[in-house]
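**Student:** missing the sequence, but the structure's below:
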């Protein structure tokens with residue numbers, strides 16, 4: 001088996017007197033979709049926030065590409081090829097769809113001090129990305145504040161797919177999506193993994209997890225209680241592990 005592209009080892013994290021993670025572990029391999037499940041409050045979002053640089057652990061180790069790392073911010077994680085689509089993704093309501101998709105990763109042209117934004121190229125790329133997320137009806141020049149919640153989620157997803165990151169973290173990405181967009185999202189994630197990206201997929205929908213994940217990590221009370229291959233995972237086995245005392 002290949003070496004993990006990312007590892008979280010014996011991670012602990014407290015918020016005051018509340019212990020959010022108590023020795024959690026996670027290995028993520030190249031080109032896989034790893035499901036992360038557990039009851040509310042089990043530490044899923046905290047664990048992936050540490051992987052993506054939004055939080056620092058109190059103790060434990062974070063490894064990326066075989067090297068131990070210490071992230072002080074999301075920018076550090078992005079530099080290592082890790083991006084996160086959180087439950088409440090950042091959106092810029094007063095900006096256009098195009099500007100949201102390429103925020104922080106604008107396409108430019110020209111040389112050195114003469115470089116300018118390549119708006120035509122970003123418009124073409126935006127249309128292609130929106131089509132990929134089944135949102136081709138959205139005008140790249142529309143102001144995001146005027147879009148529905150599901151359309152805004154599609155814009156954020158398009159932004160994430162525009163990156164060159166090797167590791168993508170999705171926290172409940174299907175929330176606010178209609179049935180058609182939900183199906184399209186799962187197809188997109190499988191395609192991204194097929195192209196070599198590694199994906200961490202948090203979802204309360206067990207059927208979605210079983211549909212696309214090759215392995216599933218189960219958290220409970222801040223601890224990793226099991227890691228199951230897809231062949232050994234079904235609704236009953238996952239529910240049983242999540243219900244353990």
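**Tutor:** Structure's in. What do you need? Being a predicted model, the structure only gives us computed values, none of them experimental.
**Student:** I'd say residue 230 and residue 209 touch.
**Tutor:** No. Counting by C-beta atoms under 8 Å, residue 230 stays clear of residue 209, with 9.4 Å between them. Using the backbone N, CA and C atoms, a C-beta is placed for each residue, glycine as well.
**Student:** and those two? which has more neighbours close in?
**Tutor:** residue 209 (22 against 16; other C-beta atoms under 10 Å).
**Student:** tell me the SS of residue 36?
**Tutor:** What DSSP: H, G, I helix; E, B strand; the rest coil gives for residue 36 is strand.
**Student:** swap that for residue 158, please
**Tutor:** Classified using three-state DSSP, residue 158 is helix.
**Student:** Quick check: neighbours shared by residue 230 and residue 209?
**Tutor:** Counting by C-beta atoms under 8 Å, 6 or more residues apart in numbering, the residues touching both residue 230 and residue 209 are residue 216.
**Student:** Could you state which residue of this protein sits nearest its centroid?
**Tutor:** residue 169 (1.9 Å; C-alpha atoms, centre = their mean).
**Student:** In this structure, mark out all the helices, start to finish.
**Tutor:** 44-51, 74-79, 97-101, 119-132, 149-161, 179-194, 206-212, 235-242 (DSSP state H).
**Student:** Counting by contacts, list what the second one packs against.
**Tutor:** Here helix 74-79 is seen to pack against strand 82-85 when contacts are counted using 3 or more C-beta pairs under 8 Å, 6 or more residues apart in numbering; DSSP states H and E.
**Student:** same check, this time on the first one
**Tutor:** Helices and strands touching helix 44-51, as assessed by 3+ C-beta pairs under 8 Å, 6+ apart, comprise strand 6-15, strand 18-28, strand 33-37, strand 82-85, strand 167-171, strand 198-202.
**Student:** just how off-centre is that helix within its chain?
**Tutor:** How far helix 44-51 lies from its chain's middle: 10 Å, per C-alpha atoms, centre = their mean, to the nearest Å.
**Student:** and the angle from it to strand 33-37?
**Tutor:** Interaxial angle of helix 44-51 relative to strand 33-37 (axes from the mean of the first three to the mean of the last three C-alpha atoms, to 10 degrees): 130 degrees.
**Student:** residues in contact with helix 44-51?
**Tutor:** 6, 8, 11, 13, 20-21, 24, 26, 36-38, 55-57, 62, 71, 77, 82, 84, 86-87, 167, 169, 171, 200, 202, 219, 222.
**Student:** Quick check on those residues: which are buried?
**Tutor:** Neighbour-count burial (16 or more other C-beta atoms under 10 Å) applied to these gives 6, 8, 11, 13, 20-21, 24, 26, 36-38, 55, 57, 62, 71, 77, 82, 84, 86, 167, 169, 171, 200, 202, 219, 222.
**Student:** List the beta-bridge partners for the residue nearest to the centre of the chain.
**Tutor:** residue 84, residue 200 (DSSP bridges).
**Student:** Let me know the pLDDT of it.
**Tutor:** Here the pLDDT value assigned to residue 169 is 93.
**Student:** In contact with it, which residues are there?
**Tutor:** 48, 51-52, 82-85, 199-200, 202.
**Student:** Next one: it from residue 117, what distance?
**Tutor:** Distance, residue 169 to residue 117, by C-beta to C-beta, to the nearest Å: 28 Å.
**Student:** Could you tell me how many residues sit around residue 166?
**Tutor:** 18.
**Student:** again with residue 179
**Tutor:** Neighbour number of residue 179 under other C-beta under 10 Å is 8.
**Student:** Residue 85 too?
**Tutor:** 21.
**Student:** which residues does it contact?
**Tutor:** Neighbours of residue 85 in contact, by C-beta under 8 Å, 6+ apart: 156-157, 160, 168-171, 173.
**Student:** do that again at 10 Å, thanks
**Tutor:** Residue 85 sits next to 48, 52, 153, 156-157, 159-161, 168-173, 202 when contact means C-beta atoms under 10 Å, 6 or more residues apart in numbering.
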